[in-house]
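> only geometry, no sequence info:
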């Protein structure tokens, strides 16, 4: 079974631009969560999507948004990029049924904002 | 104060040693406890998943949860150089409104197993 895939793996943008990251979950998983990982703050929860609906949201500004499609694939968008948005963005998928909610992570997209 | 505290290390041990990694937490609502391993420039890999207090063993790895003390541990027996990575603890609770869950992570402990 294929794991979680994320594209692109690396991105370089400049301040003020916007960026869209993509995530394909494990087949059969309907929940997709996004996390930001930085050396200073560690792994922080951005949001979770389930059946095309945002189910939970972390403490990030409105510049961070996402969506999920009917095939469970998800995209994350960051508008008006700031230097502090440089991070590894991780997507995790989960089955979330029968009380099991393990999250499996993709390799991440490393975003550098110049 | 962070919800989850984890010593960042680095922790250096000789090959074959028993490694003990720990996290403490403050939110008594946490019910699910996980350990992830993350190699440099890779995504986290789920190692152990436990629910409520007790022990769980999988090969060389043992996870312990003590909810009364709000303390979780991961033990690695017969450590190998390939175990050198950052180990992250993560926790979650059931979100009653709307369902779903989010993981709250520790900062990660960097482990190096030396030959």
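Now that the structure is in, tell me what you want to look at. Note that the structure is predicted; figures quoted are calculated from it, not measured. Numbers count the residues shown, from 1 in each chain, chains lettered A, B, ... in the order given.

> Look up phi and psi at residue 81.
Went with chain A since none was named. phi -60, psi 140 (degrees, to the nearest 10).

> right idea, wrong chain: chain B
Note on residue B:81: backbone dihedrals following degrees, to the nearest 10 are phi -60, psi -30.

> now the one 3 residues further on
Residue B:84 has phi and psi values of phi -60, psi 120 when expressed as degrees, to the nearest 10.

> Any regions of chain A where pLDDT drops low?
Counting by pLDDT under 70, chain A contains low-confidence ranges at A:1, A:97-100.

> And for chain B?
Counting by pLDDT under 70, chain B shows low-confidence ranges at B:95-99.

> Close to chain A: what parts of it are there?
Contacts of chain B with chain A, taken as C-beta under 8 Å from any C-beta of the partner chain, map to B:32, B:34, B:36, B:41-46, B:49, B:51, B:88, B:90, B:92, B:95, B:98-108. (C-beta placed from N, C-alpha, C; glycine too.)

> Among those, which are located in strands?
Members of those lying in strands (criterion: DSSP state E): B:32, B:34, B:36, B:45, B:46, B:49, B:51, B:88, B:90, B:92, B:104, B:105.

> and of those residues, the nearest to chain A?
Distance ranking of those against chain A, using C-beta to the nearest C-beta, places residue B:105 first at 4.1 Å.

> List the contacts of the closest one.
A:42, A:43, A:44, B:4, B:88, B:89, B:90 (C-beta atoms under 8 Å, 6 or more residues apart in numbering or on different chains).

> Now do it against residue B:6, distance only.
Separation of residue B:105 from residue B:6 (C-beta to C-beta, to the nearest Å): 8 Å.

> Are there residues contacting both of the two? Which ones?
Common contacts of residue B:105 and residue B:6 (C-beta under 8 Å, 6+ apart): B:88, B:89.

> Count the residues that sit near residue B:63.
By the criterion of other C-beta atoms under 10 Å in any protein chain shown, residue B:63 has 22 neighbours.

> That one contacts residue B:36, correct?
No. Residue B:63 is beyond contact range of residue B:36, at 11.6 Å (criterion: C-beta atoms under 8 Å).

> residues touching the nearest residue to residue A:28 once chain neighbours are set aside, list them.
When the adjacent residues along the chain are set aside, residue A:28 lies closest to residue A:95, with 6.7 Å between them (C-beta to C-beta, 6 or more residues apart in numbering or on different chains). Counting by C-beta under 8 Å, 6+ apart, residue A:95 touches A:28, A:29, A:30, A:31, A:101, A:102.

> ok so, going back, most neighbours, which of the contacts of residue B:105?
Comparing these by number of neighbours (other C-beta under 10 Å), residue B:89 comes first, having 28 neighbours.

> Just the element for the residue nearest to it when sequence neighbours are not counted, please.
Excluding the flanking residues, the one nearest residue B:89 by C-beta to C-beta, 6+ apart is residue B:23, at 3.8 Å. Using DSSP states H and E, residue B:23 falls within strand B:19-25.

> Noted, bye for now.
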